[in-house]
Structures are given as C-alpha cells and as structure tokens.
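**Q** Okay, sequence plus prediction incoming.
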Amino acid sequence: MTETHDVALEAGGFDFRVRVYPATEPNGALLVWLHGGAFMFGTLEMPEADQVGRRLSAAGVTVVSVDYTLAPLDALEELGPPDPDADMPSPEQMRAEMEAAGPRARFPVANLQIVAAFDWAVANARAYGAEPERVALGGASAGANLSAGAAMRLRDRGTTAPSLLALVYPSLHDGILEPNAETAELLRTVPSARLFTPASRSAINRNYLPDGDDSRGYAFAGGHDLTGLPEVLIVNAELDSLRPSGEAFAAELAAASVDVRVVRERGAMHGFLNEIGHPAAEHTLALLEDAVRPR
C-alpha cells in the first residue's frame, strides 16, 4: 500500500493541499494530477484521483494529486437527476456533502493553484526520485480542462513547463461541440443522465467563468493558439458527449505543430476512471504510465 502524505500550499488567495503518492521504486517521472467534478465537486479520495495515484506510484511514477479550490454549487441543479445505474449521489446528497468542503471560488483560483502545485512538484521532484524536467501534468474531465488551462499559463510564463500533458475524457471548449453523424448515433444508446447537454455544460461553465471572458485560454484552452504546448496524450470515452471537444482539440494541437496522441476507449462512458477494474480504466492507467515514463 502506497504511503501518502499531504502538503499545504496557498495560491489565488486560498489555501489548498496536494497529496503525494511517492513511487515505490522511482523511475524518474512525476505526474501532477487533477480529479474532475464539473469544477464544483470531487475529492482526493474518489477513484479518479486515488486510483491514479496508487496505481501509477506502484509502477514507479510519483503522483501529486491536487485538492484545488472548488467552484460554487450554483449550477448543481442544472445537472439534472442522476442515473441510478451510475452509482452517483443525488444533487441533494452532493450539495450536503460539498457544502462542508470549505471555501469555494471561481476562475482563476483553481488555475493559479495548479500552476503553484506544478511549481512545487518541480522544486521537490528530486526528493521523490524524479527529474524536474520529467514532471508531467494531467487530469480527467474538468481536471483535464484545468490541466490544459494551467499549461497555457505556464507556456506564457516562459519558465518551467510540463514534459507532457495528459487529458482523459476532457472538456476543453466553452460549450458542447456538435458530434458527427457516427458519434451522434452512438450517443443515442447512452442514458440521458450519463450525458452532458448544451444546457448543463453551459451552466457548469458559466458557474466556473461567469462572464465567459477567456482571451488567453486559461479557462478553456480549446479554440485558442496552442503553439508551444508540450506533447499531449488525449484519451476520450467513446460514449461521451464531450468526445467531440477532445477530438477537436487534438486537431487544433496538430495544426499548431504540437505532438499529440489520441486514443478512443471503445464502449466507455464519461467518468470510467471512477470504476475500479473497468477495462477502459485499466487501459488508460497503462497509457498514462507509458506516456510519463522517461525514455
């Protein structure tokens, strides 16, 4: 069992923490990782955070999982009733749980905290058997969005930058992108409660960035100039209404001369990293391990 420890940090005017999963036998790599949760919820204990930390650290990669400040709960009702088959709490249960989670804040607080967490990881990499130049950045769902936004800020800062950006079932544009005919047909087989709609996505995004002003792409990197970003791995869930965003972002990266690899997890729905043992989760964990491993 991986022995973890938490480190208190501050950025954006708020205290936050990171949880470190030291590699059992370090291979020189370190991954700064962000859970998802529509910017509003999610914890370091959810499988999407903890499973990644434990599995990758056992494979030689130190993981720094970021407990960033969450956005307010104002958009919770817009998400609609949960799918009973998805083993998700109701909006009322989520509100009760999250109201005790501490202070909340909108953009740019989480963005600034991720940059601070990345800087901490670079400064402390050698203490965990990792190389400062092999610190990767990534996340799932909203965490993937936050990772991409932080990578944009780090690029513009012009100092240290991630060795790799890993984005799992990401939403990278401010809104739902139209699916092609093949994707639209596949999405008809998915329970409506397992899909984001234009209305729910808009509510989530405006809750995070109320005025939609994002000229530099720090909130939603998609659709902006991506030149100079590091190598990117994108893992999309096939049965996910956010998949068009991941695919469009991959095309934008290629057009900006950024090396990108795109993988589609066939038959998988959004959030599969929260299902321990799910075939797509197992495959994605292997992809992450291979992508961040020093060459």
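**A** Yep, that arrived. Numbering: from 1, shown residues only.

**Q** Thought residue 63 was touching residue 57, still the case?
**A** Yes - using CB atoms under 8 Å, residue 57 is in contact with residue 63, at 5.5 Å. All C-beta spots, glycine's among them, are computed from the backbone N, C-alpha and C.

**Q** Just want to know which of those two has more residues nearby.
**A** residue 63 (31 against 24; other CB atoms under 10 Å).

**Q** what lines up beside the helix or strand where the more buried one lies in the sheet?
**A** Take DSSP states H and E as the rule and residue 63 turns out to sit in strand 61-67. Sheet pairing of strand 61-67 (DSSP bridges) gives strand 14-21 (antiparallel), strand 29-34 (parallel).

**Q** and it, how far from the chain's centre?
**A** 12 Å (CA atoms, centre = their mean, to the nearest Å).

**Q** can you list contacts of that strand?
**A** Residues outside strand 61-67 that contact it (CB atoms under 8 Å, 6 or more residues apart in numbering): 6, 16-23, 26-27, 29-35, 43-44, 49-50, 52-53, 56-57, 113-114, 117, 120-121, 125, 128-130, 289, 292-293.

**Q** ok so, going back, select, out of the strands paired with strand 61-67, the one closest to residue 106.
**A** strand 14-21 (11.3 Å; CB to CB).

**Q** which parts of the closest one are buried?
**A** Across strand 14-21, burial judged by 16 or more other CB atoms under 10 Å covers 14, 16-21.

**Q** Pipe those into CSV and attach pLDDT and distance to residue 242 per row.
**A** CSV is the format used below for the buried residues of strand 14-21 (pLDDT from 0 to 100; distance: CB to CB, whole Å):
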residue, pLDDT, distance to residue 242
14, 97, 27
16, 98, 25
17, 98, 28
18, 98, 26
19, 98, 26
20, 98, 29
21, 98, 27
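
**Q** which one of the residues you listed is nearest residue 160?
**A** residue 18 (16.4 Å).

**Q** Just list the residues touching that closest one, thanks.
**A** 6-7, 9, 32, 64-67, 117, 120-121.

**Q** go again using 6 Å as the cut-off
**A** By CB atoms under 6 Å, 6 or more residues apart in numbering, residue 18 lies in contact with 7, 64, 66, 117.

**Q** For the residues you listed, which PyMOL command selects only the ones that are buried?
**A** Buried residues within these, by 16+ other CB under 10 Å, are selected in PyMOL with:
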select buried, resi 64+66+117
